[in-house]
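*Asks:* Build me a model:
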Amino acid sequence: MMQRASDWVLGTDPKQRLRLGRSLAAAGVFLVCLMIEFAAVLLGMADRTHAFAMGGLILTGLLVIYVALRSGWSLKWSDPALTMPQMVFAIVLISFAYYINPLNRGMVTILASLVLVFGAFILSPRRCRQLGWFAVAALGCVMLYCTLRFPLLFPPRLEAFNFLLTALVLPVIAALAGQLSALRFQQQAQKKELREALEKVRMLATHDELTGLPNRRQVLELLAHEERRALRQRASLCSCLIDIDHFKRVNDTLGHQAGDEALQRFSSILASALRAGDVLARWGGEEFVLLLPATPVDEAASVIERLRARCADPANWVGRPELRVTFSAGLSAHKDGESMQQVIARADAALYRAKSEGRNRLVIG
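*Replies:* Below you'll find the model as predicted:
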């Protein structure tokens, strides 16, 4: 019941839930401020009509922001959380509070400083500075209006002093908030670079740099994992060793750079034709290993023959027909009580037979 209510209020998308949660937390702060305003009314320090006007402004603004977020309309903007509009709304409310609280207006400007400090944790450095100057302009306009309209409640000299202090303090706070925001952005960039570096190290440790396929170390771990799963689920498991025919001839006649390109094209041709769940890895040199989980041996043989046909198709070697190669393959199926080392050994023996019988063929061991 509680979960359904939460989903109805916040939605189910994790990012939108976070944005709405933050917005509702800010709404709680606004409502607390509204309660303080009505407390001031009860103490004779504020006007009831103005307090109700502020209440209407707060509730209308909060409703518009909530609908914009909850409906997904905010996703059209570069900032889906509508952070800057929400902070601008807060500055507008503070400026209005300055107008309706002549006896307590000194405390109201403190709230503007608080909004700018929060900006350091959300806004970009440029947005922090813009918000600071907007706060100065908004409060300055209110001070000018009040001193012209109500000079007795807002003495011109006092308002001039208040504005001077506001114009000095708020931009400084905004600039400091911008510096903190810049540090936050820098830290985020460093974290991203570190994650990318760690991912690159992980890829280098588990994948072949030339072909991008899993390397021998990774495939040994996969073999152990598949062996345990095959034993647990009583599922068939086939392994195939693949060796490119006459690969040395490619290196000797066309050069090692062409040999590298041939390996890359060969692995790409095979990998693009695999089924979901099949794993192709570079075993070493021009030798590859193919794992076919939950696959009977006859079906695995059909997969290998399809790969041989794709490899032989000239359409897959467009642009570099001289790199076209064939391969020999040795296929073996896992048997009860047999280790994966024994399965690979039988596949290796079958591969040797395939090569000795003329290459470009599959032998089942």
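
*Asks:* Find the least confident helix or strand in the chain, judged by mean pLDDT.
*Replies:* helix 2-10 (a mean of 71; mean pLDDT, DSSP states H and E).

*Asks:* What are the buried residues along whatever helix or strand comes next after that one?
*Replies:* Following helix 2-10 in sequence order, the next helix or strand is helix 14-42 (DSSP states H and E). Neighbour counts over helix 14-42 (16 or more other Cβ atoms under 10 Å) mark 16, 19, 20, 23, 26, 27, 30, 33, 34, 37, 40, 41 as buried. C-beta: built from backbone N, CA, C; applies to glycine.

*Asks:* tell me the mean pLDDT for the helix or strand following helix 14-42?
*Replies:* Downstream of helix 14-42, the first helix or strand assigned by DSSP H and E is helix 48-70. Helix 48-70 shows a mean pLDDT of 89.

*Asks:* which residue lies farthest from the center of this protein?
*Replies:* Taking Cα atoms, centre = their mean, the residue of the chain most remote from its mean C-alpha position is residue 152, at 56.7 Å.

*Asks:* Can you point out the buried residues in stretch 215-223?
*Replies:* So stretch 215-223, judged by 16+ other Cβ under 10 Å, has buried residues 215, 218, 219, 220, 222, 223.

*Asks:* I'd like these as JSON lines, with distance to residue 49, secondary structure and pLDDT appended.
*Replies:* Formatted as JSON lines, these follow (distance: Cβ to Cβ, whole Å; DSSP: H, G, I helix; E, B strand; the rest coil; pLDDT from 0 to 100):
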{"residue": "215", "distance to residue 49": "76", "secondary structure": "coil", "pLDDT": "86"}
{"residue": "218", "distance to residue 49": "73", "secondary structure": "helix", "pLDDT": "84"}
{"residue": "219", "distance to residue 49": "77", "secondary structure": "helix", "pLDDT": "81"}
{"residue": "220", "distance to residue 49": "79", "secondary structure": "helix", "pLDDT": "81"}
{"residue": "222", "distance to residue 49": "74", "secondary structure": "helix", "pLDDT": "80"}
{"residue": "223", "distance to residue 49": "79", "secondary structure": "helix", "pLDDT": "77"}
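
*Asks:* Give me the pLDDT value at residue 286.
*Replies:* So, for residue 286, pLDDT stands at 91.

*Asks:* Please read the previous query as pertaining to residue 102.
*Replies:* 88.

*Asks:* So, low pLDDT: which residues of the stretch 201-350 of the chain?
*Replies:* Judged by pLDDT under 70, the stretch 201-350 of the chain has its weakly predicted residues at 203-204, 230-235.

*Asks:* residue boundaries of the strands in the stretch 151-300 of the chain?
*Replies:* With strands called from DSSP state E, counting those that start in this stretch, the stretch 151-300 of the chain shows them at 237-244, 279-284, 287-293.

*Asks:* among these, which is nearest residue 194?
*Replies:* For the strands of the stretch 151-300 of the chain, the distance to residue 194 is smallest for strand 279-284, at 27.8 Å, taking Cβ to Cβ.

*Asks:* Can you tell me the strand partners of the closest one and which way each runs?
*Replies:* strand 287-293 (antiparallel) (DSSP bridges).

*Asks:* got the contact list for the strand it pairs with?
*Replies:* 213, 219, 222-223, 226, 229-230, 235, 237-244, 267, 270, 274, 277-283, 299-300, 303-304, 344 (Cβ atoms under 8 Å, 6 or more residues apart in numbering).

*Asks:* got the angle for that strand vs strand 237-244?
*Replies:* Using axes from the mean of the first three to the mean of the last three Cα atoms, to 10 degrees, the inter-axis angle of strand 287-293 relative to strand 237-244 is 160 degrees.

*Asks:* Work out the gap between strand 287-293 and the centre of the chain.
*Replies:* In terms of Cα atoms, centre = their mean, to the nearest Å, the centre of strand 287-293 is found 32 Å from the chain centre.

*Asks:* ok, now stretch 17-25?
*Replies:* Distance, stretch centre to chain centre, for stretch 17-25: 19 Å (Cα atoms, centre = their mean).

*Asks:* List of residues touching it?
*Replies:* Contacts for stretch 17-25 (Cβ under 8 Å, 6+ apart): 9, 10, 11, 65, 66, 69, 70, 74, 80, 81, 82, 86.

*Asks:* who wins for proximity to residue 4 among the strands of the stretch 151-300 of the chain?
*Replies:* strand 287-293 (39.5 Å).

*Asks:* Find the residue closest to residue 26 in space, skipping its chain neighbours.
*Replies:* Nearest residue to residue 26, sequence neighbours excluded (Cβ to Cβ, 6 or more residues apart in numbering): residue 86, at 6.4 Å.

*Asks:* ditto for residue 285
*Replies:* Counting by Cβ to Cβ, 6+ apart, the residue nearest residue 285 is residue 247, at 7.8 Å.

*Asks:* Perfect, I'm done here.
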